[in-house]
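Undergrad: Sequence unavailable; structure follows:
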RNA sequence: GCCGAUGUGGCUCAGUGGCAGAGCAGCUGAUUCGUAAUCAGCAGGUCGCCGGUUCAAGUCCGGCCAUCGGCUCCA
């Protein structure tokens, strides 16, 4: 017998060789139905695994992310099986579960089109109906290589060759289909229910540009049709929050063919932008920053000195002036260096925190442009901090605090990544180690969790990145803190120390918003265009019900303007419902509806964009209410 | 840059080789109305661009550009 301890602390005895599914069945038929995968003695274990030793068991349902991953992973095998049936010459690459679904990469002479989706889905459903068990087989490296070589599955062969010497090589088979796979899987294909193929994409084998491009099919699956429908509905809703759509609908910005990647900001977008910049200046003043502005175009010689010529050239735009070569700045730092060098600096001045809202241009590949999130011209809310080596940790922590101050104000969840030395970089191994450790120490002292991106740093130093999410949960790097020992060296920056000698300062590059453009994109999606009142391009719209109240409406509007509230009025001869509808669609925080009653009583009827009609009140009361909301930057 | 898809009025979209359409938005007029769409009329298009096939191309073919979804890359 084996003794199995369950999560609730209870223990059950079973004959040796009992499967997890049988255990689940014994506990409750519903659990057996809903369980996707087990965790037995800490190991993710398939439900049809037989148990020969005592242990702790936790049965996971789809709602658990690990279980969902297994479920999707099994789904990807079924998709591969269907594709192999339909196009037998197709070679298989990899097919993992991802956040909300799964994909499989194929190499096929057949070019998949969305029209194939129905066909593949139909075949997948047939495979599910056949209810093939997922059978695990372990075999030696030689056997595995031999098997996949014979099948001409070149990608699988490559994968096996790259597995560590001591790795267990396992296959999973369902029906006629066999795939190299570590597992585990659901017990059988019949466990899978609601599947949908989502999209096609090209993807380089192993993500390397010089490798062949494979055809990737993205799909998702759920244990219930209703869950799939709900997911699809959410996707539709998310599309309505897309900043590119809202940018047009709300008149914030536009990008046209005449300037791919070069956004135009329209009057309403500029109001939003200016509010963000005002707030930025205020906070940076408080945090001890000075502000500078450096030129957009600077000489080739400068970029050679900074290292950009060698390390960043393919991202830069160039121009010629009087036969001299110039570059349009892709970063603000060299300009900052020049400003620092205009004066001699004492150690007593440090740290010098020098901010710049700097417009940079970068040549991004055409395929990566994406609304305001990925553009070719953007404004970085940059700053360069020049400091003593012993000030490094405190300064980094100061920036981390500032980032948190900004992101919490908007209610943005974010995650942090640490990027280390890339291949194409400047400086000594020692400098990089000191710099990287300083970033790690600051993160640790702040108690911030982070993931590491090996080799993803800037060419001059390692960095801490802050990532925010868009409406589809894609993440975008916004804030970043980069520690740099190289630029001060290249530009021979110095300060006079206590000893009267020249010393080398250390430098931080940092941004909070990252790029104002990207941040506005994130902001728009986060609030679905309903910006907090302090940011809203238009804060109040006054709408009289009939012409009888036009005078009163203009009077109210004038008073609000006098109070620096952004207000307009809708005097068209439309029904009030029509005006309200437009006001709501424009996501204006407050609509003031003025009829005879209000005019008579000298009040305004207030409609809040989310709370709806909140009743009439004296204008003065409304003004103090909205001013409080604006001053507090309330969400 | 690479893979795939898409490109028709300001917006959303119909139009499968034979006279370029609809709804919304816009303009004009009527309507004066109480919390998400009043009615009527008018105007608006080199069908992304260039070339080809054809008696005839929005439609078929080729090239380019842009956009969308990915890959790679990054704020």
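TA: Yep, it's here. What you are looking at is a predicted structure, and each value in this text was computed from that prediction instead of being measured.
Undergrad: what does the stretch 451-600 of chain A put close to RNA strand B?
TA: For the stretch 451-600 of chain A, the contact set with RNA strand B under Cβ under 7 Å from any atom of the strand comprises A:456, A:458, A:465, A:472, A:474, A:476-480, A:511, A:514-515, A:517-518, A:545-548, A:573-578, A:580-581, A:584-585, A:591, A:593, A:595-598. Bear in mind the C-beta positions are built from the backbone N, C-alpha and C, glycine included.
Undergrad: Would you show me how to pick out the buried ones of those in PyMOL?
TA: One line in PyMOL is enough to select the buried members of these, burial here meaning 16 or more other Cβ atoms under 10 Å:
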select buried, chain A and resi 456+458+465+476+477+478+479+480+511+514+515+517+518+545+576+580+591+593+595+598
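Undergrad: Can you tell me which of the residues of the stretch 451-600 of chain A next to RNA strand B end up in helices?
TA: A:517-518, A:576-578, A:580-581, A:584-585, A:596-598 (DSSP state H).
Undergrad: Please identify the buried residues of the lengthiest helix in chain A?
TA: What stands out as the longest helix in chain A, according to DSSP H, is helix A:65-86. By 16+ other Cβ under 10 Å, the buried positions in helix A:65-86 come out as A:67-86.
Undergrad: what do you get for stretch A:12-21?
TA: Those would be A:18-21, for stretch A:12-21 by 16+ other Cβ under 10 Å.
Undergrad: So which residues of the stretch 401-550 of chain A form strands?
TA: In the stretch 401-550 of chain A, strands defined by DSSP state E, counting those that start in this stretch lie at A:414-419, A:450-453, A:463-469, A:475-484, A:495-496, A:502-503, A:506-515, A:540-544, listed in chain order.
Undergrad: Reformat the ones you listed as CSV; add mean pLDDT.
TA: Compiled in CSV, the strands of the stretch 401-550 of chain A are given as follows (pLDDT from 0 to 100):
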stretch, mean pLDDT
strand A:414-419, 94
strand A:450-453, 92
strand A:463-469, 94
strand A:475-484, 94
strand A:495-496, 96
strand A:502-503, 96
strand A:506-515, 95
strand A:540-544, 96
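Undergrad: Flag every residue of the stretch 251-400 of chain A that's near RNA strand B.
TA: Residues of the stretch 251-400 of chain A lying near RNA strand B by Cβ under 7 Å from any atom of the strand: A:255, A:257, A:260-261, A:362, A:364-371, A:373-376, A:378, A:380.
Undergrad: SS state for residue A:304?
TA: Judged by DSSP: H, G, I helix; E, B strand; the rest coil, the three-state class of residue A:304 is helix.
Undergrad: And the helices in the stretch 51-200 of chain A?
TA: Assigned by DSSP state H, counting those that start in this stretch, the stretch 51-200 of chain A shows helices spanning A:65-86, A:116-130, A:141-150, A:154-161.
Undergrad: Reformat the ones you listed as CSV; add mean pLDDT and distance to RNA strand B.
TA: Compiled in CSV, the helices of the stretch 51-200 of chain A are given as follows (pLDDT from 0 to 100; distance: least, Cβ to the nearest atom of the strand, whole Å):
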stretch, mean pLDDT, distance to RNA strand B
helix A:65-86, 93, 15
helix A:116-130, 92, 10
helix A:141-150, 89, 23
helix A:154-161, 90, 14
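Undergrad: Need the pLDDT of the closest residue to RNA strand B within the stretch 251-400 of chain A.
TA: Per Cβ to the nearest atom of the strand, residue A:367 is where the stretch 251-400 of chain A lies closest to RNA strand B, at 2.1 Å. On the pLDDT scale, residue A:367 is placed at 91.
Undergrad: Just the buried ones out of the residues of the stretch 251-400 of chain A next to RNA strand B, please.
TA: A:255, A:261, A:362, A:364, A:370-371, A:373-376, A:378, A:380.
Undergrad: what would the residues you listed look like in a markdown table with secondary structure and pLDDT?
TA: Converted to a markdown table, these look like this (DSSP: H, G, I helix; E, B strand; the rest coil; pLDDT from 0 to 100):
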| residue | secondary structure | pLDDT |
| --- | --- | --- |
| A:255 | coil | 93 |
| A:261 | coil | 94 |
| A:362 | coil | 96 |
| A:364 | coil | 94 |
| A:370 | strand | 95 |
| A:371 | coil | 95 |
| A:373 | coil | 96 |
| A:374 | strand | 95 |
| A:375 | coil | 96 |
| A:376 | coil | 96 |
| A:378 | strand | 96 |
| A:380 | strand | 97 |
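Undergrad: For RNA strand B, what's its nearest residue on the stretch 451-600 of chain A.
TA: Counting by Cβ to the nearest atom of the strand, the stretch 451-600 of chain A gets nearest to RNA strand B through residue A:595 (2.2 Å).
Undergrad: List the contacts of that residue.
TA: Residue A:595 is in contact with A:544-546, A:549, A:576, A:605, counting by Cβ atoms under 8 Å, 6 or more residues apart in numbering.
Undergrad: 6 Å instead, please
TA: residue A:545 (Cβ atoms under 6 Å, 6 or more residues apart in numbering).
Undergrad: Quick check: the most centrally placed residue in chain A vs residue A:517, distance?
TA: Centrality entry for chain A: nearest residue to the mean C-alpha point is residue A:475, 0.6 Å, by Cα atoms, centre = their mean. Distance, residue A:475 to residue A:517, using Cβ to Cβ, to the nearest Å: 17 Å.
Undergrad: State which one residue of the stretch 101-250 of chain A is found closest to RNA strand B.
TA: Taking Cβ to the nearest atom of the strand, RNA strand B has its nearest neighbour within the stretch 101-250 of chain A at residue A:202, 2.4 Å off.
Undergrad: Does that residue lie in a helix or a strand, and which?
TA: Secondary structure from DSSP states H and E places residue A:202 in strand A:194-204.
Undergrad: cool, residue A:301 as well?
TA: helix A:300-306.
Undergrad: After that helix, which helix or strand is next?
TA: As the chain continues past helix A:300-306, the following element, by DSSP H and E, is helix A:308-311.
Undergrad: Beyond that next one, next helix or strand please.
TA: Following helix A:308-311 toward the C-terminus (DSSP H and E): strand A:317-321.
Undergrad: Adjacent strands (with direction) for whichever helix or strand comes after that following strand?
TA: Later in the chain than strand A:317-321, the nearest helix or strand by DSSP H and E is strand A:324-328. Neighbouring strands of strand A:324-328 in its sheet, by DSSP bridges, are strand A:297-299 (antiparallel), strand A:317-321 (antiparallel).
Undergrad: Okay, strands next: where are they in the stretch 201-350 of chain A?
TA: Along the stretch 201-350 of chain A, the segments classed as strands by DSSP E, counting those that start in this stretch run A:213-222, A:253-254, A:264-265, A:290-291, A:297-299, A:317-321, A:324-328.
Undergrad: Residues contacting the fifth one, please?
TA: Which is strand A:297-299. A:326, A:328.
Undergrad: Tell me the buried residues in it?
TA: In strand A:297-299, counting by 16+ other Cβ under 10 Å, buried: residue A:298.
Undergrad: looking at the sheet around residue A:591, what are its partners?
TA: residue A:541, residue A:607.
Undergrad: touching RNA strand B at all, stretch A:610-624?
TA: Yes: using Cβ under 7 Å from any atom of the strand, stretch A:610-624 reaches RNA strand B at A:612-613, A:616.
Undergrad: and which of these is nearest to RNA strand B?
TA: Nearest to RNA strand B among those is residue A:613, at 4.2 Å by Cβ to the nearest atom of the strand.
Undergrad: Next one, pLDDT for that closest one please.
TA: Listed pLDDT for residue A:613 reads 96.
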